[in-house]
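Undergrad: Sequence first, then the predicted structure, then my questions.
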2 protein chains.
Amino acid sequence: MQMACRTRASRIAPRPADGYAQSMEIDNEPVTSLDVAREAGVSQSAVSRAFTPGASIAADKRERIIAAAEKLGYRPNPLARSLMRGRSNIVGVGVGDLANPFFVQTLQLLADALDRAGLRLMLFPAHAGSGSGPEPSIHEILHYRIDALVLLSVSPTSDLTEQCRRAQVPVIHFNRTTPAHDASSVVGDNESGARAIAAHLLAGDHRRLAFLAGTPDSSTNAEREAGFAQYLAEQGAPPALQECGEYAFEPSMAATRRLLLRKDRPDAIFCANDTMALAAITVARHEFGLDVGREISIAGYDDVPMAGWPGFALTSYSQPALRMVEETLRLILALRAEPGRHEQVICPGALIVRGSTRPVGLAVRP
Amino acid sequence: MQMACRTRASRIAPRPADGYAQSMEIDNEPVTSLDVAREAGVSQSAVSRAFTPGASIAADKRERIIAAAEKLGYRPNPLARSLMRGRSNIVGVGVGDLANPFFVQTLQLLADALDRAGLRLMLFPAHAGSGSGPEPSIHEILHYRIDALVLLSVSPTSDLTEQCRRAQVPVIHFNRTTPAHDASSVVGDNESGARAIAAHLLAGDHRRLAFLAGTPDSSTNAEREAGFAQYLAEQGAPPALQECGEYAFEPSMAATRRLLLRKDRPDAIFCANDTMALAAITVARHEFGLDVGREISIAGYDDVPMAGWPGFALTSYSQPALRMVEETLRLILALRAEPGRHEQVICPGALIVRGSTRPVGLAVRP
DNA sequence: CGACTCATTGCATACATATTCAAACATGAT
DNA sequence: ATCATGTTTGAATATGTATGCAATGAGTCG
């Protein structure tokens, strides 16, 4: 049972008698463009123009207004501005699973990038509960006249896609493509990456490969699986065993157990992301006593920071998070000029070889 | 060098000739309360009241309006609503370091909780670059008439605190207290937790304890350090060695090396959070070949999900993230009624004993 | 039936800004 | 000096909703 939380409450001192009220204790009323206009002796329109880049206003007058604004502590009210302009400078970001460190990294980079670009980030949960789709809150977020909607590996309902099209809100899928190619997307080069992993494992002289799959209906999983299988087929290698770990830790532990309990136990496992690979290493090492990197090879995908920890030394194919975020930002800026357009961006990664896979040329024959 | 990203662009088909335009292809113009009013044969005020809980309107009329609204796909424009009400239903959330899994977990829970409460989450980066304080963007966020500002372990500048007070925006510090107690806060019971860890380590019959500190100027670090040191002093144990890991992985690896290279190597390390403890385990095991949990004990703080992974089995003191988020939400709702008030909430955790510390009663004497 | 209360209703206005329009103004060319 | 051209300017209006106010109507009680 949970203990109750301790609480200590207090109040701010009441404001002093009205005689002192002129001292700037509490100025609840916010300062508006009209206040600045009066202070600078100009019209409200002029104040607005002073804060609108490219607006028609004399340079000296602008300076006078800016000075008055700073004196009063004025900033244009973003709500009123958004209402007028029909555009809010807000970007909606839907995130499903923050348990995957790759998306955490992405979110942090995206928050920084948007901030530098002067855009606000509205975060909302979009749990891809199978078939249920994102929460209803996303529909309200659309009404904020957002500049764009970024979905971090979230499957959208067709209803949502339709709503965005009608509201002229560009949708950018991050790390996922849509079957219909009816929206923009920024993804890694999943097929090439999977082929690179396959080549690396075959070169390590492994006999029996396995593929630990992620969420079956995701495009990343489909592409990684396809690239892996195709390369094996091209090289005349037997097809890989397969289990599903759903891109999550616990299910991947179970899936790894199933693989390692087989009579024809695989000697190499390619996991469709790093989280699953970390689970596979954990099970192989601590439950089966295997020497990962010698008796069994395990490779992942994403190259999250943890993959580099000495305890894992995970061979992986990197996804360039920073580059992908930069491309996302570029798309956001480009698409708000042309909402109807869409663009698919593919960012190449690189094979990162570490100790979790057997080095090429050092095969251990029984 | 980074390879260029591949790109594939396409345009949506141009809208059909105007003869077909009445088919609902693109309705750029959003539907307003006035449209609904006309459809339902009422005034605009009535529509507004139909969407305002507690407003004075007849039940049957409300139903008729809701029906008309659904038919037209109407939702009140949140920007206009916020402008009128002087409150936006938006909560600003400032986050410094998402490398700490505890804050990731918190952010996810907070996003869910706010969403269920019908509040929007505006995320902004607040890198606690020593002395520089949060980014300037936070000042603009204040102008959104946000309901509250939640800071996830971020040290605010006094300037920011002052601005929030004047704008009547309640500030809630998560996992950090302010020296002046001039704002609300939700924290774990750091002192008790540190004392529990100390008691556990002493009971394990350790001879030489060390404390791996986090960011020196954070309240969490100060409290955990104080609780740990006080308990040792009370029990007559010698004071702990000390190094600083800054709550981050790499610096903690270096700090652990320094500790383990000493002639008087400690046989137990209490790390001020789990991230640092994972680094300590990694170094002890892979660089010094130590059997963690027998030859050396390592304990952390937070009990993040990774602490439970079999590869770490980290003894830790849990911070109840869900409970803390619930309290934060309660505070948000309470404080927007009384902006001047503030409240300190302390949520107790629990000692979670795993394999990374020597079991009590099984001391290995040389 | 009259006076009273009370819940509804619509009109008008406020929220804080951006932008259209026409007028004012300056500039330069003829 | 005249005209054409182009830049500034402020008044007016628009964005989409919430709400104060007075008026309407329906009951209720005497």
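TA: Cool, the structure landed.
Undergrad: Can you find the residue of the stretch 251-366 of chain A that comes nearest to DNA strand C?
TA: Of all residues in the stretch 251-366 of chain A, A:Arg336 sits closest to DNA strand C, at 13.4 Å by CB to the nearest atom of the strand. C-betas here are computed from N, CA, C, even on glycine.
Undergrad: got the contact list for that residue?
TA: A:87, A:147-148, A:170 (CB atoms under 8 Å, 6 or more residues apart in numbering or on different chains).
Undergrad: Mind doing that once more with 6 Å?
TA: A:Asp147 (CB atoms under 6 Å, 6 or more residues apart in numbering or on different chains).
Undergrad: how near is it to A:Ala148?
TA: According to CB to CB, to the nearest Å, A:Arg336 and A:Ala148 sit 7 Å apart.
Undergrad: got the contact list for A:Pro78?
TA: Applying CB under 6 Å, 6+ apart, the residues near A:Pro78 are B:143-144.
Undergrad: Ok, A:Asn77 next?
TA: A:Asn77 neighbours (CB under 6 Å, 6+ apart): B:His143.
Undergrad: What ranges does chain A have for its helices?
TA: For chain A, helices defined by DSSP state H occupy the ranges A:33-40, A:44-50, A:59-72, A:78-85, A:101-116, A:137-142, A:158-166, A:190-203, A:219-234, A:249-260, A:274-286, A:321-335.
Undergrad: Let's have the ones you listed in TSV, adding distance to B:Ile66 and mean pLDDT.
TA: As requested, the helices of chain A are exported to TSV (distance: least, CB to CB, whole Å; pLDDT from 0 to 100):
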stretch	distance to B:Ile66	mean pLDDT
helix A:33-40	37	94
helix A:44-50	37	95
helix A:59-72	43	94
helix A:78-85	24	96
helix A:101-116	36	96
helix A:137-142	16	87
helix A:158-166	19	84
helix A:190-203	46	97
helix A:219-234	39	97
helix A:249-260	42	98
helix A:274-286	44	98
helix A:321-335	34	97
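Undergrad: Between those helices, which shows the greatest average number of neighbours?
TA: Comparing those by mean neighbour count (mean count of other CB atoms under 10 Å in any protein chain shown), helix A:274-286 comes out on top with a mean of 25.
Undergrad: Work out the gap between stretch A:209-217 and the centre of the chain.
TA: On the basis of CA atoms, centre = their mean, to the nearest Å, stretch A:209-217 sits 21 Å off its chain's mean C-alpha point.
Undergrad: Output that stretch as PDB, nothing but the C-alphas.
TA: C-alpha atoms of stretch A:209-217 as PDB (Å, rounded to 0.1, in the frame of the first residue of the first chain):
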ATOM      1  CA  LEU A 209      20.400 -16.800 -38.400                       C
ATOM      2  CA  ALA A 210      17.300 -15.600 -36.600                       C
ATOM      3  CA  PHE A 211      15.300 -12.400 -37.000                       C
ATOM      4  CA  LEU A 212      13.600 -10.900 -34.000                       C
ATOM      5  CA  ALA A 213      10.800  -8.800 -35.400                       C
ATOM      6  CA  GLY A 214       9.200  -5.600 -34.100                       C
ATOM      7  CA  THR A 215       5.600  -4.600 -34.300                       C
ATOM      8  CA  PRO A 216       4.400  -6.500 -37.300                       C
ATOM      9  CA  ASP A 217       2.300  -3.800 -38.900                       C
END
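Undergrad: Give me the buried positions along that stretch.
TA: A:209-215 (16 or more other CB atoms under 10 Å in any protein chain shown).
Undergrad: Touching it from outside, list them.
TA: A:221, A:228, A:240-247, A:255, A:259, A:266, A:268-273, A:276.
Undergrad: Can you turn the buried part of these into a PyMOL selection?
TA: The PyMOL selection below is limited to those of the contacts of stretch A:209-217 classed as buried (16+ other CB under 10 Å):
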select buried, chain A and resi 221+228+240+241+243+244+245+246+247+255+259+266+268+269+270+271+272+273+276
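Undergrad: Inside strands: which ones of the contacts of stretch A:209-217?
TA: The members of those that map onto strands under DSSP state E are A:241-244, A:268-271.
Undergrad: out of these, who's nearest DNA strand D?
TA: A:Cys244 (45.2 Å).
Undergrad: Next, count neighbours for A:Pro239.
TA: The criterion is other CB atoms under 10 Å in any protein chain shown. On that basis, A:Pro239 has 11 neighbouring residues.
Undergrad: So which of the buried residues of stretch A:209-217 is the closest to chain B?
TA: Nearest to chain B among the buried residues of stretch A:209-217, counting by CB to the nearest CB, is A:Leu212 at 16.9 Å.
Undergrad: what sits against the nearest residue to the closest one once chain neighbours are set aside?
TA: Leaving aside its chain neighbours, A:Leu212 sits nearest to A:Cys271 (4.2 Å; criterion: CB to CB, 6 or more residues apart in numbering or on different chains). Counting by CB under 6 Å, 6+ apart, A:Cys271 touches A:212, A:277, A:280, A:300.
Undergrad: Over to A:Ser153?
TA: Per CB under 6 Å, 6+ apart, neighbours of A:Ser153: A:175-176.
Undergrad: and which of the ones in strands among the contacts of stretch A:209-217 is nearest to B:Ala183?
TA: Of all the ones in strands among the contacts of stretch A:209-217, B:Ala183 sits closest to A:Cys271, with 44.6 Å by CB to CB.
Undergrad: measure that closest one to A:Cys244 for me?
TA: When A:Cys271 is compared with A:Cys244 (using CB to CB), they lie 11 Å apart.
Undergrad: What is the neighbour count of the closest residue in space to A:Arg120 that isn't next to it in sequence?
TA: Spatially, and ignoring its direct neighbours in sequence, A:Arg120 is nearest to A:Ile90 (4.5 Å; CB to CB, 6+ apart). Neighbour count of A:Ile90, defined by other CB under 10 Å: 24.
Undergrad: next one: A:Gly289
TA: A:Gly289: 8 neighbours (other CB under 10 Å).
Undergrad: ok, now A:Val360?
TA: So A:Val360, with other CB under 10 Å, has 14 neighbours.
Undergrad: who's A:Ser10 bridged to?
TA: B:His342 (DSSP bridges).
Undergrad: Report the closest residue of the stretch 251-366 of chain A relative to DNA strand D.
TA: A:Pro339 (16.1 Å).
Undergrad: Would you mind confirming that that residue makes contact with A:Pro170?
TA: Yes: using CB atoms under 6 Å, A:Pro339 is in contact with A:Pro170, at 5.5 Å.
Undergrad: Between these two, which is the more surrounded one?
TA: A:Pro170 (26 against 17).
Undergrad: How much space separates that one from A:His143?
TA: 16 Å.
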